[in-house]
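S.K.: test case, fold it:
(one chain, ligands or ions: 1)
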Amino acid sequence: MLKTPVAALAAFLTLCGGVTATFAATPAGPERTAAAVPASGPQDAEALASRHIVVDTHIDLPLKLYLEPSELAREEKSGEFDYGRAREGHLDVAFMSIYTSAAQAVRGESFAAANELIDLVEALAAEFPERYAIARTVADVRGNFGTGRISLPLGMENGSPLAGELDNVGKFYERGIRYITLAHSKANALSDSSYDSDRPWAGLSDFGVAVVKEMNRLGMMVDVSHLSDDAFYDVLEVSSAPVIASHSSARHFTPGFERNMSDEMIRALAANGGVIMINFGSMFLTTAANDYSAARSDTREEFMLARPDGDADALASEFDELYAQLHGPFPFADLNDVLDHIDHVTSLVGVDYVGLGSDFDGVGDALPVGLKDVSDFPNLVAGLIRRGYSEEDIAKILGENLLRVWAQVEAIAGRTD
Ligand SMILES: [Zn+2]
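M.R.: This is a model prediction of the structure:
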């Protein structure tokens with residue numbers, strides 16, 4: 001269980017690390033089908049977003065539901081996702097992150113904690129059946145889109161809840177988990193992690209290899225976000241199906257930040273037929289935010305550890321204020337930076353291998369100007385139109401690329417319906 005929510009939140013707040021707003025002139029758009037696209041206004045973006053399935057592969061709502069259940073019951077606007085704003089943003093498919101920490105794994109709590117978070121998402125869908133449905137298949141997603149309900153598929157962030165037992169892959173499949181991010185902030189029984197200098201497996205462990213094969217067999221997407229580079233290449237070697245990076249951006253813009261994907265990795269991912277879902281966190285987008293965030297996280301961790309009994313939220317904002325006084329304000333990225341990452345991937349491998357994995361409710365106060373919550377997706381669509389993407393290309397980026405991969409994963413497992 002999440003017995004120590006304060007500690008969990010502290011860990012959570014520091015898990016993704018930290019960036020620059022450059023309102024530089026927008027680079028020229030992709031050279032694809034720009035000519036057919038008229039100059040767009042906000043209404044075009046709204047209409048386009050409403051016509052197509054918008055998928056976000058990483059929203060950290062479940063832990064928030066655990067920490068603040070009363071907010072859910074009252075349906076108060078809080079955090080970056082709720083029904084009203086999701087509808088405003090035309091978000092149709094919100095993958096719920098079933099996240100457990102490395103610390104929970106050490107305490108042997110991950111299996112139970114993951115199940116508890118799944119319970120909370122099921123409770124949300126059961127409480128509002130006219131609004132939400134847990135989607136288990138691509139067909140479910142398309143069906144829910146037709147009836148106006150938001151699909152809530154489940155993605156497991158960190159393979160530790162498998163507790164070293166291959167049978168648990170099937171148990172979580174039955175509970176609705178459709179992707180597993182093999183590791184998180186630390187190396188685990190499956191894989192090395194990009195955030196952990198300790199690399200016990202030099203990639204995937206034997207158990208990790210077996211899990212990837214079992215996921216292929218069952219029809220679950222393998223998620224390579226958070227993995228070390230070596231583990232990523234191991235996954236590509238082992239997986240018989242395309243894989244996803246559920247919330248990673250392009251390392252081209254954040255050199256040395258292993259949590260993002262290098263150009264070589266993006267090419268390999270595309271060759272495998274997979275998709276990189278761009279993370280909106282400012283620290284994933286620009287070097288300035290990344291540097292600021294990394295330095296602040298290190299110092300914050302010490303500050304929080306020295307005050308184990310304090311209110312984590314209050315302490316974190318107190319700390320961030322102090323830090324900003326000393327080091328200047330956090331250099332937020334902006335919408336153009338997200339568009340630059342999408343352009344970069346399309347310039348490398350084409351438009352079929354990129355999508356959106358916001359990390360809403362997962363990166364603290366680090367979201368870019370213009371993309372602060374789930375209501376802001378039309379801003380992104382307007383940006384894509386401005387940069388010359390055709391409607392067909394935008395539909396791919398918004399959701400069809402991810403749905404293609406998911407459908408292939410289903411097909412390889414023999415689960416076509
Ligand atoms: Zn993450």
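S.K.: could you give the mean pLDDT of stretch 224-235?
M.R.: Taken as a whole, stretch 224-235 has an average pLDDT of 98.
S.K.: same thing with stretch 47-65?
M.R.: Mean per-residue pLDDT for stretch 47-65: 94.
S.K.: okay, buried residues for that stretch please.
M.R.: Of the residues in stretch 47-65, 48-49, 52-65 count as buried by neighbour count, 16 or more other C-beta atoms under 10 Å. In short, each C-beta sits where N, CA and C put it, glycine included.
S.K.: now, which of the residues you listed sits nearest residue 111?
M.R.: Among the buried residues of stretch 47-65, residue 62 lies closest to residue 111 (C-beta to C-beta), at 15.2 Å.
S.K.: I'd guess that closest one is in a helix, am I close?
M.R.: Yes. Under DSSP: H, G, I helix; E, B strand; the rest coil, residue 62 sits within a helix.
S.K.: what distance do you get for residue 339 to residue 117?
M.R.: 32 Å (C-beta to C-beta, to the nearest Å).
S.K.: more neighbours: which of these two?
M.R.: Counted by other C-beta atoms under 10 Å, residue 339 and residue 117 do not tie: residue 117 has more neighbours, with 25 against 21.
S.K.: tell me the contacts of that one?
M.R.: 62, 63, 65, 66, 98, 99, 100 (C-beta atoms under 8 Å, 6 or more residues apart in numbering).
S.K.: cool, and residue 62?
M.R.: 96, 97, 98, 99, 117, 118, 120, 121.
S.K.: strands - which of those residues land there?
M.R.: Judged by DSSP state E, strands contain the following of the contacts of residue 62: 96, 97, 98, 99.
S.K.: separate out the buried members of those residues.
M.R.: 96, 97, 98, 99.
S.K.: now the residues you listed in CSV, with distance to residue 43 and pLDDT?
M.R.: Formatted as CSV, those follow (distance: C-beta to C-beta, whole Å; pLDDT from 0 to 100):
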residue, distance to residue 43, pLDDT
96, 31, 96
97, 32, 96
98, 37, 97
99, 37, 97
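S.K.: please identify which of the residues you listed is nearest to residue 370.
M.R.: Here the nearest of those to residue 370, counting by C-beta to C-beta, is residue 97; it sits at 22.8 Å.
S.K.: next SSE downstream of the helix-or-strand element of the chain with minimal mean pLDDT?
M.R.: In the chain, no helix or strand scores lower on mean pLDDT, DSSP states H and E than helix 5-15, which sits at a mean of 36. Per DSSP states H and E, the first helix or strand lying C-terminal to helix 5-15 is helix 42-51.
S.K.: distance from that following helix to the middle of the chain?
M.R.: On the basis of C-alpha atoms, centre = their mean, to the nearest Å, helix 42-51 sits 23 Å off its chain's mean C-alpha point.
S.K.: what's the next helix or strand after it packed up against?
M.R.: Using DSSP H and E, the next helix or strand after helix 42-51 towards the C-terminus is strand 55-59. Here strand 55-59 touches strand 93-99, strand 154-157, strand 275-278, strand 354-356, helix 401-412, going by 3 or more C-beta pairs under 8 Å, 6 or more residues apart in numbering; DSSP states H and E.
S.K.: pLDDT of the helix or strand following the third one, averaged?
M.R.: Counting by DSSP H and E, the element after strand 275-278 in chain order, helix or strand, is helix 282-285. Helix 282-285 shows a mean pLDDT of 97.
S.K.: counting contacts, what elements does helix 282-285 pack onto?
M.R.: helix 287-305, helix 335-349.
S.K.: tell me the buried residues in that helix?
M.R.: For helix 282-285, by 16+ other C-beta under 10 Å, it's 282, 283, 284, 285.
S.K.: include distance to residue 175 when you put those into CSV, please.
M.R.: Formatted as CSV, these follow (distance: C-beta to C-beta, whole Å):
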residue, distance to residue 175
282, 33
283, 32
284, 29
285, 33
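S.K.: so what touches whatever helix or strand residue 267 lives in?
M.R.: Element membership for residue 267 (DSSP H and E) is helix 263-271. Here helix 263-271 makes contact (C-beta under 8 Å, 6+ apart) with 224, 229, 232-233, 236, 243, 245, 250-252, 261, 275-276, 345, 348-350, 352-353.
S.K.: and stretch 224-236, by the same measure?
M.R.: With C-beta under 8 Å, 6+ apart as the criterion, stretch 224-236 contacts 58, 157-158, 181-185, 191-196, 199, 201-204, 208-209, 212, 222, 243-248, 258-259, 261-262, 265, 268-269, 272, 279, 357.
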